[in-house]
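# attaching a predicted model along with its sequence, questions to come.
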Amino acid sequence: MPETDPKTRLLEAAMPHVPFDGWSETTLRLAAADAGIDRAMVDAVCPRGAVDLALAWHEAGDAAMVAALEAADLGAMRFRDRVAFAVRTRLDLVEDRELVRRGMTLFALPQYAGDGTRAMWRTADRIWTALGDTSQDINWYTKRATLSGVYGSTVLYWLGDESEGQARTWEFLDRRIEDVMQIEKFKAKARENRLVSGLMSGPLGFLSRVRAPQDRQQAGMPGRWRAPN
């Protein structure tokens, strides 16, 4: 059986410490000692310190969610229910909410706010990709931006929800998705309205040049622009 890589070992050793010391250098140091990993290796796998460890934990959660979605029978669900199921699956896979709470505290710091935003965006991207999204235009961005907002607000509600089985969180999630669906219906009606379409022809023509990123590892970066004919 292959040996677990140092970063995974470090993460596993860190998790019991996070509820007490957060995603901090103290946790990183204690985890390294518990896992028997020297400082040179810690610096190699987490060059930015504890924030890299927190991001690795988030990435592991995303990977577990994708595996669960691939194994689920999504075809039997309405599309909006698939989105709700994906978000719920991502949160259900969290074994200790305190790790998320501590992560939110870390990513609220100005120097790490960008990391937190990108991590949430990647989660949204993985959900849309797992659900079969094939958009290549501005919709690629709007879908992920909207879902990032839904996911972020749901996480905040979930952290304070003490209802049985987090039932209130799932009700909150359904309401947020319903809000998004209403926006999409409004956009569809606006496109059908000739007067609105005429007024928006300039902005819509500009936005039509936006393309999804070709490198999915850079999913949080702007896409490319289609040159005019």
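Received, thanks. Residues are numbered from 1 along each chain as shown.
# CA atoms for contacts and neighbours, from now on please.
Noted.
# so which bits of the helix or strand that Val66 is a member of are buried?
Here Val66, judged by DSSP states H and E, is contained in helix 50-71. Using 16 or more other Cα atoms under 10 Å as the test for burial, helix 50-71 gives 50-58, 61-62, 65-66, 69.
# could I get those residues as a markdown table with pLDDT and distance to Ala108?
Converted to a markdown table, the buried residues of helix 50-71 look like this (pLDDT from 0 to 100; distance: Cα to Cα, whole Å):
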| residue | pLDDT | distance to Ala108 |
| --- | --- | --- |
| Ala50 | 96 | 14 |
| Val51 | 97 | 12 |
| Asp52 | 97 | 15 |
| Leu53 | 96 | 16 |
| Ala54 | 97 | 13 |
| Leu55 | 97 | 14 |
| Ala56 | 96 | 17 |
| Trp57 | 97 | 17 |
| His58 | 97 | 15 |
| Gly61 | 97 | 20 |
| Asp62 | 98 | 20 |
| Met65 | 98 | 24 |
| Val66 | 98 | 26 |
| Leu69 | 97 | 29 |
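# from those, which is closest to Arg39?
Ala50 (12.8 Å; Cα to Cα).
# residue contacts, the closest one?
Counting by Cα atoms under 8 Å, 6 or more residues apart in numbering, Ala50 makes contact with 23-25, 27-28.
# so what's Val150 up against?
173, 176-177.
# 7 Å - rerun?
The contact partners of Val150, by Cα atoms under 7 Å, 6 or more residues apart in numbering, come to Arg176.
# follow-up on the earlier one: now the angle between helix 50-71 and the very next helix or strand once past the helix holding Val66, please.
Sequence-wise, the next helix or strand downstream of helix 50-71 (DSSP H and E) is helix 79-92. Angular relation of helix 79-92 and helix 50-71 on a 0 to 180 degree scale: 130 degrees, by axes from the mean of the first three to the mean of the last three Cα atoms, to 10 degrees.
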